[in-house]
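Q: Predicted model and sequence follow; I will ask about them next.
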Number of protein chains: 2
Amino acid sequence: MTKNQWKIWRYQEKIQACSEQSLLTSHQQNSVTLYNPVQQQNFPVEPIGKVVAPFTEKFAVPRQSNLTPSVLSQIIIHQPYGVPEAFAGIEEFSHIWLLFRFHQNLEQGWRAQVRPPRLGGNKKRGVFATRSSFRPNGFGMSVVPLISVESDAQQVVLNVSGLDLVNDTPVYDIKPYIPYADALPEARGGFADERPATLAVCVTPAAVQQLQQLSNNASALTQQVIEVLAQDPRPAYRKLADQDTNHYGTHFGGFNFRWHVQGDTIEIFEIRPL
Amino acid sequence: MTKNQWKIWRYQEKIQACSEQSLLTSHQQNSVTLYNPVQQQNFPVEPIGKVVAPFTEKFAVPRQSNLTPSVLSQIIIHQPYGVPEAFAGIEEFSHIWLLFRFHQNLEQGWRAQVRPPRLGGNKKRGVFATRSSFRPNGFGMSVVPLISVESDAQQVVLNVSGLDLVNDTPVYDIKPYIPYADALPEARGGFADERPATLAVCVTPAAVQQLQQLSNNASALTQQVIEVLAQDPRPAYRKLADQDTNHYGTHFGGFNFRWHVQGDTIEIFEIRPL
């Protein structure tokens, strides 16, 4: 609130009832003039930036943030928003919120009910009782650790970890995470009350060797893809099957990681360049 | 992901390298056709509902949610979104996120830097390092306890407490709060790391009597307004002044609560109908 606005709200005891009344009335008229609900509610939105992430396809993107802490992503802020002044002080916060849109699903519109994977994919819930992407307006929000901020005259880049978004996701806002308001560890989380179960992941010696020949970042990349696959990205009906003899391919960080399930373990048996 | 989409991702070991390659290529082409970044990122937004709250003016609205737990608000969901199916299962969650827009500030646009009240109103921070309302796209988000859900053929109404929003705020999404992803009590909250300090609030006997004559809900209303005023809604420069002899008026729940500061206590000395 600016000082000028404040002057309207504040009034002195010495003002008589009548003039005090006229002060309030003049403010109320002012509000009515400024606020046109229809016009303002449809104010357009535009992305302030976009995500650069090792996930190039939706398959295997974690269901929520912070499930894959070793995975690094960037948020590139465009002009006119990507200026250092607009981010001054953000490093004081350990975590930031991203407001984004599920851009790959927007054209498919919303659904009143969805089948959450956490419920085995065969029970329905209202879309507003889930974090599904098939929602009106198509917005999602994720909180992630802020690793560092890089900026120059062209753009601001935020380095984050554990982000659950596919490459090129449009970002509409960045907000600091405020623990006293946002952190409610005692909250009840319905069907998503617990972190999803994970599977063990192993890599065959042949696959290890393939990646070492293909990438000079093989060790970090292996750790990242292990966290990603530990989430078991298979659809619910496959997870629940008695036996799953299928072979899967996950595109991550420029490679196709090929794997299958052996008992309770995901085995990466081949790694190919994309 | 539908079963149909899934079939594209999955491939069998027995498929030869060549046909496997063509499967992947066909999927990639498919993606390119479906996804037009410019078109999708500017997909329009529309409110799914609006807030009904006892705050009819921005003055005295708490800075964050959950600072005034006795204050009750409603979110009225409009058609076509206000149908019971779309909210099925939401009662399993103790808290919900509201995605809203600071509608009264949208026309004023964004500012690269703002002066957070928590910093005394005289230090600047980048807008993205704050939860200020003067931000690109004008979105805010708040998490509040979900008290109950009422629905009929016309609309769905969500009853919540502790909401920090002014009456008529347009709402763009409702999401369940998922503690394992959203609750990060160990996060560092920068300049807003601690809950704001509160002031003691007292009500003079004359004011108590006035409210009892005006409202049959005087006791609950008094508790609510005490929580609101304990946040000390004065602007920073007034709080920091050696002495503040001003009288203030706060509109809440249909009444004008008039108060002043006596030492470290806010004294409500008069209550008038609006």
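A: That came through fine. Numbering: from 1, shown residues only, chains lettered A, B, ... in the order given.
Q: now the residue in the stretch 151-274 of chain A that chain B sits nearest to: how far from A:Arg272?
A: Nearest residue of the stretch 151-274 of chain A to chain B (C-beta to the nearest C-beta) works out as A:Gly190 at 3.2 Å. To be clear about C-beta, it is placed using only N, CA and C from the backbone, and glycine gets the same treatment. Per C-beta to C-beta, to the nearest Å, A:Gly190 is found 40 Å from A:Arg272.
Q: so who does the residue of the stretch 151-274 of chain A closest to chain B touch?
A: Shown in contact with A:Gly190 (C-beta atoms under 8 Å, 6 or more residues apart in numbering or on different chains): A:129, B:89-90, B:92-93, B:176.
Q: So the closest residue to it other than its chain neighbours versus A:Gly189, what's the distance?
A: Closest residue to A:Gly190 apart from its sequence neighbours, by C-beta to C-beta, 6 or more residues apart in numbering or on different chains: B:Glu92 at 3.2 Å. Distance from B:Glu92 to A:Gly189, counting by C-beta to C-beta: 8 Å.
Q: Need the overlap of contacts for these two.
A: B:Pro176.
Q: what about stretch A:142-151, near chain B?
A: Yes. Stretch A:142-151 comes into contact with chain B (C-beta under 8 Å from any C-beta of the partner chain), by way of A:142-143.
Q: ok, and what's touching that stretch?
A: Here stretch A:142-151 makes contact (C-beta under 8 Å, 6+ apart) with A:64-66, A:69, A:72-73, A:82-84, A:87, A:90-91, A:93-98, A:100, A:156-165, A:177, A:182, B:181-182, B:184.
Q: from the chain's centre, how far out does it sit?
A: Centroid separation between stretch A:142-151 and its chain, computed with C-alpha atoms, centre = their mean, to the nearest Å, is 12 Å.
Q: for that stretch, which positions count as buried?
A: Residues of stretch A:142-151 classed as buried by neighbour count (16 or more other C-beta atoms under 10 Å in any protein chain shown): A:142-146, A:149, A:151.
Q: State the pLDDT value of the residue of the stretch 151-274 of chain A closest to chain B.
A: A:Gly190 is assigned 91 on the pLDDT scale.
Q: quick one: it from B:Gln223, how far?
A: A:Gly190 is 30 Å from B:Gln223, by C-beta to C-beta.
Q: got a list of what the one residue in the stretch 1-150 of chain A that gets nearest to chain B touches?
A: In the stretch 1-150 of chain A, the residue that lies nearest chain B is A:Glu92 (3.2 Å; C-beta to the nearest C-beta). The contact partners of A:Glu92, by C-beta under 8 Å, 6+ apart, come to A:176, B:129, B:188, B:190-191.
Q: Buried only: go through those for me.
A: Applying 16+ other C-beta under 10 Å to the contacts of A:Glu92 flags A:176, B:129, B:190-191 as buried.
Q: Can you tell me which of these is nearest A:Phe252?
A: A:Pro176 (29.3 Å; C-beta to C-beta).
Q: Tell me what the closest one is bridged to.
A: Judged by DSSP bridges, the bridge partners of A:Pro176 are A:Ile96.
Q: wait, what's in contact with the nearest residue to A:Ala88 once chain neighbours are set aside?
A: Distances taken as C-beta to C-beta, 6+ apart place B:Gly126 nearest to A:Ala88, at 4.0 Å, with adjacent residues excluded. B:Gly126 sits next to A:84-90, B:112-113 when contact means C-beta under 8 Å, 6+ apart.
Q: ok, back up a step: now, of the contacts of stretch A:142-151, which are buried?
A: Of the contacts of stretch A:142-151, these count as buried by 16+ other C-beta under 10 Å: A:64-66, A:72-73, A:82-83, A:87, A:90, A:93-98, A:100, A:156-158, A:160-165, A:177, A:182, B:181-182, B:184.
Q: Can you get me a residue count around A:Asp264?
A: 8 (other C-beta atoms under 10 Å in any protein chain shown).
Q: Check the one 3 residues further on too.
A: One way to gauge burial is a neighbour count; for A:Glu267, by other C-beta under 10 Å, it gives 17.
Q: what's next to the strand or helix carrying it, contact-wise?
A: Using DSSP states H and E, the element containing A:Glu267 is strand A:265-273. With contacts defined as C-beta under 8 Å, 6+ apart, strand A:265-273 is touched by A:199-204, A:206-207, A:210-211, A:214, A:225, A:229-230, A:232, A:254-261.
Q: Tell me which of these fall in helices.
A: Among these, the members found in helices (DSSP state H) are A:206-207, A:210-211, A:214, A:225, A:229-230.
Q: ok, of those residues, which one's closest to B:Tyr248?
A: B:Tyr248 has its nearest neighbour among these in A:Ala230, at 55.9 Å by C-beta to C-beta.
Q: how's chain A carved up into domains?
A: Following automatic domain parsing, one finds the domains of chain A at A:3-41, A:49-186, A:200-273.
Q: any idea which of these scores lowest on pLDDT?
A: Per-segment mean pLDDT for the domains of chain A reaches its minimum on domain A:3-41, at a mean of 33.
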